[in-house]
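Engineer: Let me see the structure of the following:
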Amino acid sequence: MLEYASQGHAVATGAGYGDRYISVLTIVNRKVARWRDYLDPVAVFEAIGWPPHANRVQVEAR
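Structural biologist: Numbering: from 1, shown residues only. Below you'll find the model as predicted:
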């Protein structure tokens, strides 16, 4: 299992974003047999402006 993070910016919008990931690997005979990634795609979606503003739902932090 791996845990890692990334930070960057969307080329199309210039908006910054950060995300954290978990990867679960299965090793068989010293080779990667399976690799599953878990992440929050919303961080990237927001940075690229998807979905368009007209369809967005505002969520307020509490």
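
Engineer: Now for the closest residue to Trp35 other than its chain neighbours, which secondary structure element holds it?
Structural biologist: Setting aside the residues directly before and after it, Trp35 is nearest to Leu25 in space (Cβ to Cβ, 6 or more residues apart in numbering), at 5.3 Å. C-beta: built from backbone N, CA, C; applies to glycine. Assessed by DSSP states H and E, Leu25 sits inside strand 16-28.

Engineer: what's the angle between the next helix-or-strand element following that strand and strand 16-28?
Structural biologist: Moving toward the C-terminus from strand 16-28, the next helix or strand (DSSP H and E) is strand 31-39. Computed by axes from the mean of the first three to the mean of the last three Cα atoms, to 10 degrees, the angle separating strand 31-39 from strand 16-28 equals 150 degrees.

Engineer: counting contacts, what elements does strand 31-39 pack onto?
Structural biologist: Contact partners of strand 31-39 among helices and strands, from 3 or more Cβ pairs under 8 Å, 6 or more residues apart in numbering; DSSP states H and E: strand 16-28.

Engineer: buried ones in the strand it packs on?
Structural biologist: Buried residues in strand 16-28, counting neighbours by 16 or more other Cβ atoms under 10 Å, are found at 17, 19.

Engineer: Would you mind writing the CA trace of it as CSV?
Structural biologist: C-alpha atoms of strand 16-28 as CSV (Å, rounded to 0.1, in the frame of the first residue of the first chain):
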residue,chain,number,x,y,z
GLY,A,16,-4.2,25.2,-8.5
TYR,A,17,-5.2,21.9,-6.9
GLY,A,18,-3.8,19.3,-4.5
ASP,A,19,-4.8,15.7,-4.1
ARG,A,20,-3.9,12.7,-1.9
TYR,A,21,-3.9,9.2,-3.2
ILE,A,22,-3.8,5.6,-1.9
SER,A,23,-2.6,2.8,-4.1
VAL,A,24,-3.0,-0.8,-3.3
LEU,A,25,-0.6,-3.2,-5.1
THR,A,26,-0.6,-6.9,-5.4
ILE,A,27,2.8,-8.4,-6.0
VAL,A,28,3.1,-12.0,-7.4
